[in-house]
Each structure stands twice: as C-alpha cells, then as structure tokens.
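In: build me a model from this:
(4 chains)
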Protein chains: 2
Amino acid sequence: MPQSRPRIIPEATVARLAVYLRVLAGLADGGRSHVSSGELASAAGVNPAGLRKDLSYLGPCGVRGVGYSVSGLRDRLTDALGGERSRPCVLIGIGRLGSALADYAGFASRGFEFVGLLDTDPATVGHRVGGLQVRPVQELEAVVAETHATIGVITTPAEVAQSVCDRLVSVGVRSILNFAPVALTVPAGVDVRKVDLSVELQVLAFLDQQRDGTPPLLAPLRPAQGVAR
Amino acid sequence: MPQSRPRIIPEATVARLAVYLRVLAGLADGGRSHVSSGELASAAGVNPAGLRKDLSYLGPCGVRGVGYSVSGLRDRLTDALGGERSRPCVLIGIGRLGSALADYAGFASRGFEFVGLLDTDPATVGHRVGGLQVRPVQELEAVVAETHATIGVITTPAEVAQSVCDRLVSVGVRSILNFAPVALTVPAGVDVRKVDLSVELQVLAFLDQQRDGTPPLLAPLRPAQGVAR
DNA sequence: TCCTGTGAACTCATTCACAGCC
DNA sequence: GGCTGTGAATGAGTTCACAGGA
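Out: Predicted structure coming up:
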C-alpha cells in the first residue's frame, strides 16, 4: 500500500497541519476546489513558504503552477493526522472548565469523543454534561477499561492532578492533556501536553507592558500571529 | 533607581518566568526560604541550566553555592512581569468556555480582573457570571472606554471573532487572547496570542498514533514536558 | 564543595531564493 | 507566467560545560 513516504514530521508542523485541515474544511464548505499556498497560508496565519515546507513532509501534494486540490489535500492531511477514526477520551475534573470542554463542539468534529467524565464532588457526580453522566473518580480505572480510552484530559485542581495522572498511566493511558497548573511527572513513553491559561495572559500582559511601560527595553517580539502589516 | 539591567527577554522565557513564579508561591506557602535551580527546575518541569539562563536575563538573582531566596526571587519575578498592578480585561463570548474563564480563580490571583463580559445572546445578557453582569456586545466600545481595559479575551464562535477583534483594536485594545479557531488579522503594534484546544488534542492523537500505529516512522518528539525518566 | 552565571555548541524551526514542472 | 517543492541560509532556543564566587 502506497502510504506516503515515511518522513519525520516535526511536532510544530503537526500542530499546523491540524490548522490547515480546519481551513480546508471551510473552503470545501464554500465550494472551492483549489487553493494556492499563499491563500491557504494567509487564512492559517502562517508564511506561505513555511506552509509548503510543512506539506512537503507528506510528499508532493500539489500541482506546480496551479495549487492544491482542496479535497485531495484534505484527505492527505486527515490521513496523516490519523484518519477519521474516533478517539475515546476521558475527562477528569468536571468544574467550569471541564464542563466547557465536555461539550465543546470543536472536539467532536475532529473525531474526539468523551466517553467518560469523572469528578470527586458528590454534587457533580450523577449530573449529565454534554450527554454523558458524571461518574465518581473512584471508577476511573473501570471507566478506562470499559471504554478503551487512550487519551486523558485533566482539569482538576493542581493538588490532585499528579495522582490522577498516575492513575491514568497505570491503566495504560499514554496521552494526557493537562490544564492543571503543575508540571506532571510521567514515565518515558507517555506524552503530556500542558495548556496553561494564566500563563498565556501573563505573557500578553508582559508584552503590553514592554510596549509602553519601559520604552527603552523591548523584547524581541514575534511578528504577531496574524498578518501584522 | 537600580532597575534590573535592560536586557532583552525572549518570549519563551517570559512564559516560563510566570511558571516559576507560581512554583515559588507554593514554596513560600510551605515556609521554604531557599531553593536551588535544580529543585525549582524540577518543580517547573524544565532543565536546570535553562532555568538559570532564564533568570540570568533579570541579572544575577541567586547566591553561588547556596541557591535563590524564595521571597527575593519572587519579588524579582513579580517585578519583571509587570508588578502587582491589576490588569482589567474584557471577555467577549460568554458560552461555556467564556463562563469558565470568567470565574477562573487562577486569573484573579495573577492580577487579571475581568471588568466586562459581553455576549450577543439575549438569553445570556443580564445574567451574572463570576460576580459580573453580562452586557450586550453592542456596548463593547462603551465598556472598554469606561473600564480602561487593555486586554481582550475572545471566546466567540469563529465567524464573529474577527469583527470583535477589529472593534477591540479600534478602541485601543492592543493585547488579545484568542480562543476562536481562526487566525486574526491585526495591525502592527497589536499582539494576539492564540489558544487552540482542539489542535492540542490533535497533536496528542498524532503522537499516540506514531507510537504504536506505524512503528517504523517516528516523529522527533520533545522529551515530554514532565520528568520523563 | 556547592551551586550560580554564562559563553559556546548544538539542535530545532523559520525564512529565503530558486530550480522544476504545469 | 505562475506556483510548488526544497536545499541553503538564517535565526531562535536549548543544552552543555565550565568558570567564578560563597
């Protein structure tokens, strides 16, 4: 089977491929059949040459002088990112943030399905969130076993995040998305990605201050994520 | 006034400084008076040498052979990140995610205060979220003027994010945190940071697949954010 | 001896510039 | 002519290794 050539794909590129895929979905809805790297790059907020380099990791997927086929590229990207198979996830910590994630439409459309919601609070357990009933965190191991979840999302308070993480790892979960503001320690072979919302704000505030607070000292800002021109 | 030497601080470093600050707060609560770079680095999930390099941008702040004073370093970091002044933020889009952010305790403790919540939905307008009444998005300009907000947080659907962004910029907001899955276009001088939750999951799923799906082809993974050993 | 501070080496990522094909 | 694919150049960020002070 002619699986695209087994090149190595940098993680930064993988993140952008997911973005391109979303932009392509929009273009397809709009009835477009072709795009140039320039147009796609501008919609994704990246440099055109960088976009072409990203795509080149999948092998040639465009037509010189013409551009890319929207549907063709879409298939190629979907495939590279793991196909359309559904990915069962468990979510631990059903507070405000957890509830928000539990029925965030953006996940389902990308093939991520929450198959288990867990919390310690008796007032939360039993409630339905995003079409699923919240179960007591004691059942974590059982839920993972039942559902064969491979991804764990942690939205608990910082104090318990490590212990939840350990329990996930002990039942075979090797991909964890952590929203708790702590660094998790995991064995080799387990991937943790961390999203730290207050750090994002803090960086923004710093840049803000740099601009007009202390004019002489200016950090080497990235040229703004959008088209800053 | 001996303001720390005006060196240039890379953005990646700024993000980590915020993390160190949080770890230090924990140590201070625990009554610790000193830390070594090794201990601090392990709690923050980074390399010790990197941590020292990060801190070196603020000028010498430790004692050789001893380590860092917890309170001293804390003050230094607080100062570098813009002091303790409160930062007024407006939040547009009070859906699940918006509501979660609106009363996320982690923000207030870092000096971020939401002073305006806005939404289009008549069913949402008027409700109180996190101690604040939601106002109609038509009043965006008025709210920013009243409150002198300098940071805007966008949690609207993708379709309206750009127009909300434009309106924020037009009334002088120059720091924007964007949760909507689109690349925002802004004039030079405005900073946008993007948080894309489904991309995080997608990258995680990719790594997962790489591990056991296609053994021969392995991406050059970063050595996991925690202490992967 | 211990641990910080930092130049130097290295790895990773982005950007440029142009060759190649339609 | 136009746009893709990609080596080469540049730049940013991380790690190493050691000098230097308590």
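
In: any idea how far the closest residue to A:Thr120 other than its chain neighbours lies from DNA strand D?
Out: Excluding its sequence neighbours, the residue lying closest to A:Thr120 (C-beta to C-beta, 6 or more residues apart in numbering or on different chains) is A:Val137, at 5.0 Å. C-beta: built from backbone N, CA, C; applies to glycine. Applying C-beta to the nearest atom of the strand, to the nearest Å, one obtains 33 Å for the distance of A:Val137 from DNA strand D.

In: hang on, A:Val137 packs against A:Pro122?
Out: No - using C-beta atoms under 8 Å as the test, A:Val137 is too far from A:Pro122 to be in contact (10.9 Å).

In: the more surrounded of these two?
Out: A:Val137 (20 against 8; other C-beta atoms under 10 Å in any protein chain shown).

In: so what's the more buried one up against?
Out: With contact set as C-beta atoms under 8 Å, 6 or more residues apart in numbering or on different chains, A:Val137 has these partners: A:92, A:118-120, A:164.

In: rerun that using 7 Å as the cut-off
Out: Contacts for A:Val137 were tallied using C-beta atoms under 7 Å, 6 or more residues apart in numbering or on different chains; they are A:92, A:118-120.

In: from the residues you listed, which ones fall inside helices?
Out: Among the contacts of A:Val137, no member is found in helices (DSSP state H).

In: which of these tops the neighbour count?
Out: With neighbours set by other C-beta under 10 Å, the maximum within the contacts of A:Val137 is found at A:Ile92, which has 26 neighbours.

In: and the gap between that residue and DNA strand C?
Out: 29 Å.

In: was I right about that residue contacting A:Ala149?
Out: No - in this structure, A:Ile92 is not within contact of A:Ala149 by C-beta atoms under 7 Å, at 10.8 Å.

In: which parts of chain A are helices?
Out: Taking DSSP H as the criterion, chain A carries its helices at A:11-29, A:37-44, A:48-56, A:70-80, A:96-102, A:105-108, A:140-147, A:158-170, A:197-212.

In: quick one: distance of the second one to the chain centre.
Out: The chain centre lies 20 Å from the centre of helix A:37-44; the measure is C-alpha atoms, centre = their mean, to the nearest Å.

In: hmm, that helix touching DNA strand D?
Out: Yes - in this structure, helix A:37-44 sits against DNA strand D according to C-beta under 7 Å from any atom of the strand; the contacting residues are A:37-38.

In: A:Gly50: neighbouring residues, count only.
Out: 15.

In: residues of chain A that sit close to DNA strand C?
Out: With the criterion set to C-beta under 7 Å from any atom of the strand, chain A comes near DNA strand C through A:10-13, A:46-47, A:49-50, A:52-53, A:63-66, A:223.

In: among these, the buried ones, what's the ChimeraX command?
Out: Restricted to the buried members of the residues of chain A next to DNA strand C, where burial is judged by 16 or more other C-beta atoms under 10 Å in any protein chain shown, the ChimeraX selection command reads as follows:
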select /A:13,46,52
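
In: list the buried ones in stretch A:147-160?
Out: A:149-156, A:160.

In: which two in those are spaced the farthest apart?
Out: A:Thr150 and A:Val160 (21.7 Å; C-beta to C-beta).

In: residue ranges with poor pLDDT in chain A?
Out: Low-confidence segments of chain A (pLDDT under 70): A:1-7, A:213-229.

In: break it into its domains for me.
Out: A:11-80, A:87-198 (automatic domain parsing).

In: highest mean neighbour count out of these?
Out: Compared across these, domain A:87-198 shows the largest average neighbour count, a mean of 19 (mean count of other C-beta atoms under 10 Å in any protein chain shown).

In: now do the end-to-end distance for it.
Out: End-to-end distance of domain A:87-198: 28 Å, with C-alpha to C-alpha, to the nearest Å as the criterion.

In: on that earlier part again, now the residue nearest to A:Thr120: how far from A:Pro181?
Out: 19 Å (C-beta to C-beta, to the nearest Å).

In: wait, what's in contact with the residue nearest to A:Val182 when sequence neighbours are not counted?
Out: By the measure of C-beta to C-beta, 6+ apart, the closest residue to A:Val182 outside its immediate chain neighbours is A:Ala158, 4.6 Å from it. Neighbouring residues of A:Ala158 by C-beta under 7 Å, 6+ apart: A:180-182.

In: what's the answer for A:Asp208, then?
Out: For A:Asp208, the contacting residues are B:150, B:174-175, taking C-beta under 7 Å, 6+ apart as the criterion.

In: format those residues as CSV; extra columns: distance to A:Ala18.
Out: Shown next, in CSV, are those (distance: C-beta to C-beta, whole Å):
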residue, distance to A:Ala18
B:Thr150, 31
B:Arg174, 28
B:Ser175, 25
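
In: near chain A too, which of the residues you listed?
Out: When contact is defined as C-beta under 7 Å from any C-beta of the partner chain, these meet chain A at B:150, B:174-175.

In: beta-bridge partners for A:Ala153, please?
Out: Not quite, residue A:153 is Val, not Ala. With DSSP bridges as the criterion, A:Val153 is bridged to A:Leu91, A:Leu177.

In: that one against A:Ala100, yeah?
Out: No - taking contact to mean C-beta under 7 Å, the distance of 11.5 Å between A:Val153 and A:Ala100 leaves them out of contact.

In: point out the residues in chain A that sit beside DNA strand D.
Out: By C-beta under 7 Å from any atom of the strand, the residues of chain A that approach DNA strand D are A:35-38, A:48-49, A:52-53, A:55-56, A:59-68, A:220, A:222.

In: distance of A:Arg110 relative to DNA strand C?
Out: A:Arg110 is 21 Å from DNA strand C, by C-beta to the nearest atom of the strand.

In: got it, and A:Gly106?
Out: Distance of A:Gly106 to DNA strand C, given as C-beta to the nearest atom of the strand: 22 Å.

In: need the contact list for the residue nearest to that residue when sequence neighbours are not counted.
Out: What sits nearest to A:Gly106 in space, not counting adjacent residues and going by C-beta to C-beta, 6+ apart, is B:Ser198, at 4.3 Å. If a contact means C-beta under 7 Å, 6+ apart, then B:Ser198 has A:106-107, A:110, B:181 as its contacts.
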